[in-house]
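> sequence first, predicted coordinates after that:
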Amino acid sequence: MSSLTGSALPATATPCILVVDDDRRVVDLLNIALAAHGYRVITASDGEEAVRMALGKRPDLVVLDVRLPKKSGLEVCEILRQDPDDPHLPIIMVSAASETEARLQGFARGADDYLAKPFSPKELVARIKRLLARASEARESRRRGREAVSAAALLAAERAGGPFVPLAIRGDGLERVAGLEVRPDGELGTLLAGMGRPVRRAELERFPELRPELRAFVATGMSLLAPLRGTEDLEGLLVADERLDGEDSSRLDIDVLTLLCGAAAVGLANARRCRALADGLIETLVARAGGLGPEDDSEARVEAASLAERAARVLRIPPRARGLIAHGVALGAWAESAVGRHALALAAAADPTGRLLDLAHLVDGDAGTEGDDGEATHEREAVLLLRVARDYATARGRGCAAPQALARAMDAVGGRLDDATRRALSGAAREVTPPGANGRPRVIASARRHDRGA
């Protein structure tokens, strides 16, 4: 969808509208009215379904009722505004409440417009047209801004105290910058933190001691390094390649980027605090899931998590999804029990990052079932890796030898496992366990560290 790519809608594209309301009569009325004006309509009847539909189907606009089962419209709006892929999704909130306070709450949570029931479908269509036009102009403006460089990437720590590694990229595939790594306490990180401003790579190459760390930036063509410095520490780096027009960045470009980096550093610091909250919730769930018998042996889960982590890296599954797989393995069979599902749902409701909601979807096996793009493919691979890793942990916990445990786990998934994933798992198994490993699984220190920090 256009909201995912950030490009303007083609003239022939049919805008998709997500209508969220638990009143079937309202949904049917809006479906008819919007279809008559050429819009494609998808629907949801509660807040949780609305989040799943919005993140999975990527509509161009959401018409969202305030009072919904499971999650309120205000909660849904807040979650969608935190979506890193499309934080600008147009949202029109509707409610039977016409008081000023209700309207202010909607705008405070990020709504673009507000309608009080009962309202005229004609008025709704007029507001939809206005918001879609405004969204299209904003996308075009962002596109022009991105065209100044062909690629830019964000480097930040996957876990506390870790090196800065690529977490997101615009304009190219993540594999292009996969080899970049900067330690905050290394020579390059220390110098960038001290400078506190964007700097061209050419300026840094004058320092011989930095050349080893800069080789990867030369190889990837990244010519501009911008530190994201918070109030205390370096929060991350923004790196970009040469301008498409071949010109050097102007002084104004650098000044504007410096201001943007300051704002981005605040955002990363807040994200880190939210992530710490999510990590605490996950640790609580993992502790609750422990001690369920030999089939959920903790050492077997550590070994299985290491297996899945290595395979996921070979398949180039993004860091966020790799961390979710590790957490899913750590939760074991408990996550699929009635108690586990309820606890996971409660934790997801308190998680501002959305990671626990994604984890719940991964455990349920419903991630990445739609679409054919690369992101959906990675999500499907993550679901399969989690299933294989959990079956592997169960077999190892019962004393099964590693090769037999992996063979059984892959056979249980059946034909859904493609050749590339099978090869990645087999290769990872050779690294995790020595040939002929039998009996109790051995503890993998690196896997324990990853399980604590992912």
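Perfect, thanks for sending it.
> where does pLDDT dip in the stretch 251-400 of the chain?
For the stretch 251-400 of the chain, the stretches with pLDDT under 70 are 251-254, 290-297, 366-376.
> can you pull out the helices in it?
251-289, 298-314, 319-331, 338-349, 355-364, 374-397 (DSSP state H, counting those that start in this stretch).
> what's the burial count for the nearest residue in space to residue 60 that is not next to it in sequence?
Among residues not flanking residue 60 along the chain, residue 15 sits closest, at 4.4 Å (Cβ to Cβ, 6 or more residues apart in numbering). In short, each C-beta sits where N, CA and C put it, glycine included. Counted with other Cβ atoms under 10 Å, the neighbours of residue 15 add up to 21.
> phi and psi next, for residue 231.
Here is the backbone geometry of residue 231 (degrees, to the nearest 10): phi -70, psi -20.
> where's it relative to residue 270, distance?
Distance, residue 231 to residue 270, using Cβ to Cβ, to the nearest Å: 12 Å.
> between the two, which has more neighbouring residues?
residue 270 (13 against 8).
> which of the helices of the stretch 251-400 of the chain sits closest to residue 151?
Residue 151 lies closest to helix 251-289 among the helices of the stretch 251-400 of the chain, at 15.2 Å (Cβ to Cβ).
> which elements pack onto that closest one?
strand 222-229, strand 234-241, helix 319-331, helix 338-349, helix 355-364 (3 or more Cβ pairs under 8 Å, 6 or more residues apart in numbering; DSSP states H and E).
> find the nearest non-adjacent residue to residue 301, please.
Per Cβ to Cβ, 6+ apart, closest to residue 301 is residue 393, 4.8 Å.
> the one you found contacts residue 304, doesn't it?
Yes - between residue 393 and residue 304 there is a contact under Cβ atoms under 8 Å: 3.7 Å.
> for the stretch 101-250 of the chain, just list every one of the strands.
With DSSP state E, counting those that start in this stretch as the criterion, the stretch 101-250 of the chain has strands at 113-116, 152-157, 164-170, 199-200, 222-229, 234-241.
> re the thing from before, tabulate the helices and strands packed on helix 251-289 in JSON lines, adding columns for mean neighbour count.
Below are the helices and strands packed on helix 251-289 laid out as JSON lines (neighbours: other Cβ atoms under 10 Å):
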{"stretch": "strand 222-229", "mean neighbour count": "22"}
{"stretch": "strand 234-241", "mean neighbour count": "24"}
{"stretch": "helix 319-331", "mean neighbour count": "24"}
{"stretch": "helix 338-349", "mean neighbour count": "16"}
{"stretch": "helix 355-364", "mean neighbour count": "22"}
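> let me have the ones you listed in CSV, extended by distance to residue 135.
Listed next are the helices and strands packed on helix 251-289 as CSV, based on distance: least, Cβ to Cβ, whole Å:
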stretch, distance to residue 135
strand 222-229, 27
strand 234-241, 25
helix 319-331, 26
helix 338-349, 28
helix 355-364, 25
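> ok, residue 393 - how many residues close by?
The number of residues packed near residue 393 is 30, by other Cβ under 10 Å.
> quick check: it vs residue 305, distance?
Here residue 393 is placed at a distance of 8 Å from residue 305 (Cβ to Cβ).
> which residues do those two both contact?
residue 329 (Cβ atoms under 8 Å, 6 or more residues apart in numbering).
> could you dump the strands of the stretch 101-250 of the chain to JSON lines with distance to residue 52?
Below are these laid out as JSON lines (distance: least, Cβ to Cβ, whole Å):
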{"stretch": "strand 113-116", "distance to residue 52": "23"}
{"stretch": "strand 152-157", "distance to residue 52": "26"}
{"stretch": "strand 164-170", "distance to residue 52": "22"}
{"stretch": "strand 199-200", "distance to residue 52": "43"}
{"stretch": "strand 222-229", "distance to residue 52": "32"}
{"stretch": "strand 234-241", "distance to residue 52": "30"}
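> can you list those strands in TSV and add mean pLDDT and distance to residue 276?
Converted to TSV, the strands of the stretch 101-250 of the chain look like this (pLDDT from 0 to 100; distance: least, Cβ to Cβ, whole Å):
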stretch	mean pLDDT	distance to residue 276
strand 113-116	84	34
strand 152-157	84	12
strand 164-170	81	16
strand 199-200	86	30
strand 222-229	87	18
strand 234-241	85	14
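> closest one to residue 424 among those?
Taking Cβ to Cβ, strand 164-170 is the member of those nearest to residue 424, at 19.8 Å.
> kindly format the C-alpha coordinates of the closest one as CSV.
Provided in CSV are the C-alpha atoms of strand 164-170 (Å, rounded to 0.1, in the frame of the first residue of the first chain):
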residue,chain,number,x,y,z
PHE,A,164,25.0,0.6,17.2
VAL,A,165,23.8,-1.5,14.3
PRO,A,166,21.4,-0.8,11.5
LEU,A,167,17.8,-1.0,12.6
ALA,A,168,16.1,0.8,9.7
ILE,A,169,16.9,2.1,6.2
ARG,A,170,15.2,4.3,3.7
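> against which helices or strands is that strand packed?
strand 152-157, strand 234-241, helix 319-331.
> tilt between that strand and strand 152-157?
150 degrees (axes from the mean of the first three to the mean of the last three Cα atoms, to 10 degrees).
> can you list the residues that contact strand 164-170?
84, 146, 151-158, 174, 176-178, 180-184, 189, 234, 236-237, 319-320.
> change it to 7 Å
Around strand 164-170, the neighbours that count as contacts under Cβ atoms under 7 Å, 6 or more residues apart in numbering are 146, 151-158, 174, 176-178, 180-182, 184, 236-237, 319.
> from residue 335, how far off is the spatially most central residue of the chain?
In the chain, the centroid-proximal residue (Cα atoms, centre = their mean) is residue 320; its distance is 5.8 Å. Residue 320 is 18 Å from residue 335, where distance means Cβ to Cβ.
> got the domain boundaries for this protein?
The chain breaks down into these domains under automatic domain parsing: 2-146, 152-268, 290-453.
> buried deepest among the ones you listed, which one?
Stretch with highest mean neighbour count among the domains of the chain: domain 290-453 (a mean of 19; mean count of other Cβ atoms under 10 Å).
> alpha carbons of stretch 106-122, as CSV, please.
The C-alpha coordinates for stretch 106-122 follow below in CSV (Å, rounded to 0.1, in the frame of the first residue of the first chain):
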residue,chain,number,x,y,z
GLY,A,106,-9.5,12.3,20.2
PHE,A,107,-7.2,15.0,19.0
ALA,A,108,-4.8,14.5,21.9
ARG,A,109,-4.4,10.8,20.9
GLY,A,110,-3.6,11.8,17.4
ALA,A,111,-6.9,11.9,15.4
ASP,A,112,-6.9,14.1,12.3
ASP,A,113,-10.6,14.8,12.4
TYR,A,114,-13.7,14.2,14.6
LEU,A,115,-17.4,13.7,13.8
ALA,A,116,-20.2,13.4,16.3
LYS,A,117,-23.0,10.9,15.7
PRO,A,118,-25.4,11.1,14.0
PHE,A,119,-23.6,12.5,11.0
SER,A,120,-24.3,12.8,7.3
PRO,A,121,-22.4,10.3,5.1
LYS,A,122,-21.9,13.2,2.6
